[in-house]
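1. Quick one, structure for this:
(one chain, ligands or ions: 1)
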Amino acid sequence: MMKLKIKSSDLGKIDAHALETYPYECVGLMIGTSDKETFEIREVVKAKNTLNSPVAFEADPQFVYEVYRDAENRGLQLIGIYHSHPNLHAYVSARDAEFMKFWGHLVWLILGLTQEKIIERKAFTMKDGKIHNVELELTDEPRPS
Ligand SMILES: [Zn+2]
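-> Got it, this is the predicted structure:
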């Protein structure tokens, strides 16, 4: 199975972003490196959900492009997108699957949460038009969920 490697501090940032954006979906970008089997996150960049919606997200394309270009300039890549599902599970929604047709080579980290806490984190990627699970792996000490 493919892996998504992340430091607990970066995962903590994503968790905090999802909780502070509740009841709306949050969205952010993950910068790092990737090869055939592994995505490795080096930095997490918060974006703004321009839809302010509890069931959908969109990020400003100009902002995404700037983050992408800045990463490339430093020898890194835009490797993934994270977003949250308030009061829902961490699954690939029909809308997410549509986006993945264009951005499927990236890793998609999805968080399910309530107002109080993160309930689920799952990662996916698309290969040959099919959605695959990606195993989340902390590169340092485990973090209580
Ligand atoms: Zn979604």
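2. Only C-alpha atoms from now on, for both contacts and neighbour counts.
-> Will do.
3. Grab the nearest non-local neighbour of Ala56.
-> Distances taken as Cα to Cα, 6 or more residues apart in numbering put Glu25 closest to Ala56, at 6.4 Å, once the chain neighbours are dropped.
4. scratch that, Leu76
-> Gly32 (5.4 Å).
5. list the helices and strands the least confident helix or strand in the chain by mean pLDDT packs on?
-> Within the chain, no helix or strand scores below helix 94-103, which has a mean of 90 by mean pLDDT, DSSP states H and E. When contacts are defined as 3 or more Cα pairs under 8 Å, 6 or more residues apart in numbering; DSSP states H and E, helix 94-103 sits against strand 118-127.
6. what lines up beside the strand it packs on in the sheet?
-> Applying DSSP bridges, strand 118-127 is found paired with strand 107-113 (antiparallel), strand 130-138 (antiparallel).
7. how far is the last one from where the chain is centred?
-> Think strand 130-138. 11 Å (Cα atoms, centre = their mean, to the nearest Å).
8. the strands in the protein, which residues?
-> Secondary structure of the chain (DSSP state E): strands located at 2-6, 27-34, 38-47, 77-86, 107-113, 118-127, 130-138.
9. Tell me the confidence at the nearest residue to Ile41 once chain neighbours are set aside?
-> Nearest non-adjacent residue to Ile41, counting by Cα to Cα, 6+ apart: Gly32, 4.5 Å away. pLDDT for Gly32: 98.
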